[in-house]
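Trainee: could you work out the structure for the sequence below:
(chains A and B)
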Amino acid sequence: MIRRTIPLIIVGLIFTCLDAMDSSFSVTMVREKLTEQFSKVEDFTVDIKLSVQMTGLRMPKKKITLHYKNPDHFKIESKGFALVPQYGLPLSPEVLLNSLSDITIDSVDEISHRLILKGNIQLGVDKEDIWNFSDKGNQSMTMSVSIDTERWVIPSFEVYAGAEKILRIDTGFSNFENGLFLPVETVIELDIPEMDANPEFHMREGNAPQSGKITLVYKNYKVNQGLDEAFFLEEPE
Amino acid sequence: MKFMLTLIKNEIQKILGKKRSLIGFIAMGVLIPVIMIAFSYSEGGFANELSKKAKGMGGGFLVVGSIVNGYFIAHMIMNFLWVHIPFLITLVAGDVVAGEGAAGTFRIYLIRPVSRFKILLSKLLAVYIYTAALIIFFGLLSLGLGVTWHGTGDLFVLHDGILILGPETALIRFLLAYTLAIFIMFSVASLTYMFSSMVNNGIGPMVGAMAVIIISIAISNIPLDIFITVKPYLFTTYFDIWMKAFYDPVPWDAIFKGIGVLAIYIISFVSISFWIFTRKDILT
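Mentor: As a prediction, this is how the structure comes out:
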């Protein structure tokens, strides 16, 4: 009798513990923690080395400078002309999460300090929308956001069109000072299938599949130097 | 050799002595600065248009800096004018042999102890020099004015999506493109020269050459099965090989194929003109 009940008690305890763990995280709490971590940065300036290896866009390696001010001001300067992927820039996590609806916690891994949020991307009617990968405005797109619950940063996220993964972004962070984590490298992997590609993307060539990799390497951070809002209203030279 | 150079020099002097020879230079000398001025006022339009295109590129691409610079404008001018430059070439090449027939100077010219072959060759080389000079002038003016007025920078090209070439690469590609353009225009000059050697009226070869070019370009661009079959054998099909100088990677196979086909046409046109003229009775 005791032999039978002990395993049942253990299993019961495990489930109770897992429930307790799950309930220790809520979407609101996760968002607050991410914002809290990111708000340690009032503003920053960083040099970015941009490297693009993809179909549909070929560009030599570029050095750009990004200026950011909380919550959503940013300005990019470049010697010459450059196309910069907006979703790869180290902007506020709130900007990312605000583009999602019906956010739920998909999984929690306490051992590796990872939590996955899932949500539907709110696609605007605007063709120029940041997430508008498709010319079919009604195609359902979802995002899976992986969160580091130890450092409260977003090391990766993935975008799906239906069941197909079309974008993955991985970001490596380093401790800048006193628990302030800033990105050192972001790798964007794009794989937009033929049928879904936005025709504007292809200019002359029709709906060919688009795939490739974009790498952004961040160097020379200057954090909290008191950048004025007016600076972000000036046109870059 | 020295004698040949003297003959070529004579022919060049004859070409430059005619006002029509300057039309091409004057036309470019007026048009290119006008385009440069226009770009000073309309730069924003291009930037906005590209910005819209880029934002449609799989979402969220930000456009930083301006695409409009000297290289961009020179590339655009080349795109506009490559179909019109042949006309400027025919103005001179059409008259170079037929003009002497019309003026009645051949009877005196050909009794000198110089072979017809050498006279024809000097005329042909003079036409080639004029052709090359026109393209070099075109290149120097559009690149020189463009860079002086609008500066250098990356070259934005539409090829298989968006292609951006760095400033150093762009300059090398321009050199390649203008060299190819000179070779392409040699085929136009040779065609007109062939017609010029057949008649005694300078207008006929110009109109004839332009008619052949227009018909050939039309056939190249109409997507009918029969025309598609013929297309690879038409010399005008390879008029755009200069554009390939701006592709990345440079499609050398396609460029060499184009040069090969054009070379066959040039040799054929020149051979026919020599064959006709050396057997021709000079009656005017």
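
Trainee: C-alpha only now, for contacts and for neighbours.
Mentor: Fine.

Trainee: list the helices and strands the helix or strand harbouring B:Leu140 packs on?
Mentor: Remark: B:Leu140 resides in helix B:116-150, with elements defined by DSSP states H and E. In terms of contact count using 3 or more C-alpha pairs under 8 Å, 6 or more residues apart in numbering or on different chains; DSSP states H and E, helix B:116-150 is assigned the packing partners helix B:2-17, helix B:20-55, helix B:70-81, helix B:85-93, helix B:167-198, helix B:252-278.

Trainee: okay, now the closest residue to B:Gly146 other than its chain neighbours: neighbour count?
Mentor: Distance criterion C-alpha to C-alpha, 6 or more residues apart in numbering or on different chains; nearest residue to B:Gly146, sequence neighbours excluded, is B:Gly70 at 3.7 Å. Here the neighbour count serves as a burial measure; for B:Gly70 (other C-alpha atoms under 10 Å in any protein chain shown) it reads 25.

Trainee: quick one, which of the helices and strands packed on helix B:116-150 is packed in tightest?
Mentor: Burial of those is given as mean neighbour count (mean count of other C-alpha atoms under 10 Å in any protein chain shown); helix B:85-93 ranks first at a mean of 25.

Trainee: what's the following helix or strand after it?
Mentor: Downstream of helix B:85-93, the next assigned helix or strand under DSSP H and E is helix B:98-103.

Trainee: tell me how far that next one is from the chain's mean position?
Mentor: Its chain's C-alpha centre and that of helix B:98-103 lie 25 Å apart, by C-alpha atoms, centre = their mean, to the nearest Å.

Trainee: got a pLDDT number for the closest residue in space to B:Ala98 that isn't next to it in sequence?
Mentor: Nearest in space to B:Ala98, with sequence neighbours left out and distances taken as C-alpha to C-alpha, 6+ apart, is B:Asn200 at 4.4 Å. The predicted local confidence for B:Asn200 comes out at a pLDDT of 86.

Trainee: what of the one 4 residues further on?
Mentor: pLDDT, B:Gly204: 92.

Trainee: spit out the contact partners of it.
Mentor: If you count contacts by C-alpha atoms under 8 Å, 6 or more residues apart in numbering or on different chains, B:Gly204 has them with B:Gly94, B:Phe195, B:Ser196.

Trainee: middle-most residue in chain B, spatially?
Mentor: Closest residue to the average C-alpha location of chain B: B:Met185 at 3.8 Å, with C-alpha atoms, centre = their mean.

Trainee: which residue ranges of chain A form helices?
Mentor: Counting by DSSP state H, one finds helices in chain A at the ranges A:2-23, A:27-38, A:93-98, A:199-202, A:229-233.

Trainee: do the third one and chain B meet at all?
Mentor: No. Taking C-alpha under 8 Å from any C-alpha of the partner chain as the criterion, helix A:93-98 and chain B are apart, separated by no less than 12.3 Å.

Trainee: quick one: buried residues of that helix?
Mentor: Buried residues in helix A:93-98, counted by 16 or more other C-alpha atoms under 10 Å in any protein chain shown: A:Pro93, A:Glu94, A:Leu97.

Trainee: got the CA coordinates for it in CSV?
Mentor: The C-alpha coordinates for helix A:93-98 follow below in CSV (Å, rounded to 0.1, in the frame of the first residue of the first chain):
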residue,chain,number,x,y,z
PRO,A,93,11.2,45.4,-25.5
GLU,A,94,7.8,47.2,-25.0
VAL,A,95,8.0,48.2,-28.7
LEU,A,96,8.3,44.6,-29.6
LEU,A,97,5.6,43.3,-27.2
ASN,A,98,3.2,46.1,-28.1
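
Trainee: give me the helix or strand of chain A that scores worst on average pLDDT.
Mentor: Every helix and strand of chain A was ranked by mean pLDDT, DSSP states H and E. The lowest is helix A:199-202, at a mean of 44.

Trainee: return the set of residues that bridge with the residue nearest in space to the middle of chain A.
Mentor: For chain A, the residue whose C-alpha lies nearest the mean C-alpha position (C-alpha atoms, centre = their mean) is A:Phe157; its distance is 5.2 Å. The residues paired with A:Phe157 through beta bridges, assigned by DSSP bridges, are A:Val145, A:Ile169.

Trainee: gap between it and A:Lys118?
Mentor: In this structure, A:Phe157 lies at 10 Å from A:Lys118, with C-alpha to C-alpha, to the nearest Å as the measure.

Trainee: and for those two, which residues touch both?
Mentor: Common neighbours of A:Phe157 and A:Lys118 (criterion: C-alpha under 8 Å, 6+ apart): A:Met143, A:Ser144, A:Val145.

Trainee: tell me the pLDDT at the last one?
Mentor: Per-residue confidence at A:Val145 stands at 94 (pLDDT).

Trainee: what's the local residue count around it?
Mentor: A:Val145 is flanked by 24 other residues according to other C-alpha under 10 Å.

Trainee: same check, this time on the first one
Mentor: Neighbours of A:Met143 under the rule other C-alpha under 10 Å: 25.

Trainee: identify the residues contacting it.
Mentor: A:Leu100, A:Lys118, A:Gly119, A:Asn120, A:Ile121, A:Phe157, A:Glu158, A:Val159, A:Tyr160.

Trainee: next one: the last one
Mentor: Under the criterion of C-alpha under 8 Å, 6+ apart, the contact list for A:Val145 reads A:Ile116, A:Leu117, A:Lys118, A:Ile154, A:Ser156, A:Phe157, A:Glu158.

Trainee: roughly how far does the residue nearest to B:Ser142 when sequence neighbours are not counted sit from B:Ser66?
Mentor: The shortest distance from B:Ser142 to any residue that is not its chain neighbour, by C-alpha to C-alpha, 6+ apart, is 5.1 Å, and that residue is B:Ala74. B:Ala74 is 15 Å from B:Ser66, where distance means C-alpha to C-alpha.

Trainee: of all of the stretch 101-250 of chain B, which residue lies closest to chain A?
Mentor: With C-alpha to the nearest C-alpha, the shortest gap between the stretch 101-250 of chain B and chain A falls at B:Gly161, namely 4.1 Å.

Trainee: so what pLDDT did the closest residue to that residue other than its chain neighbours get?
Mentor: Nearest in space to B:Gly161, with sequence neighbours left out and distances taken as C-alpha to C-alpha, 6+ apart, is A:Gly56 at 4.1 Å. The predicted local distance difference test score for A:Gly56 is 77.

Trainee: and what of the one 5 residues further on?
Mentor: For A:Lys61, the pLDDT comes out at 90.

Trainee: tally up the residues packed near it, please.
Mentor: Should you count by other C-alpha under 10 Å, A:Lys61 turns out to have 14 residues around it.

Trainee: just the one 4 residues further on next, same as before
Mentor: Counted with other C-alpha under 10 Å, the neighbours of A:Thr65 add up to 19.

Trainee: isn't A:Val84 up against B:Gly65?
Mentor: No. Shown here, A:Val84 and B:Gly65 do not form a contact pair, counting by C-alpha atoms under 8 Å, at 10.7 Å.

Trainee: what about the two, which has more around it?
Mentor: Counting neighbours by other C-alpha under 10 Å for A:Val84 and for B:Gly65 shows that A:Val84 has the greater number, 22 against 18.

Trainee: which residues does that one contact?
Mentor: Contacts here follow C-alpha under 8 Å, 6+ apart; on that basis A:Val84 touches A:Leu50, B:Phe61, B:Leu62, B:Val63, B:Val64.
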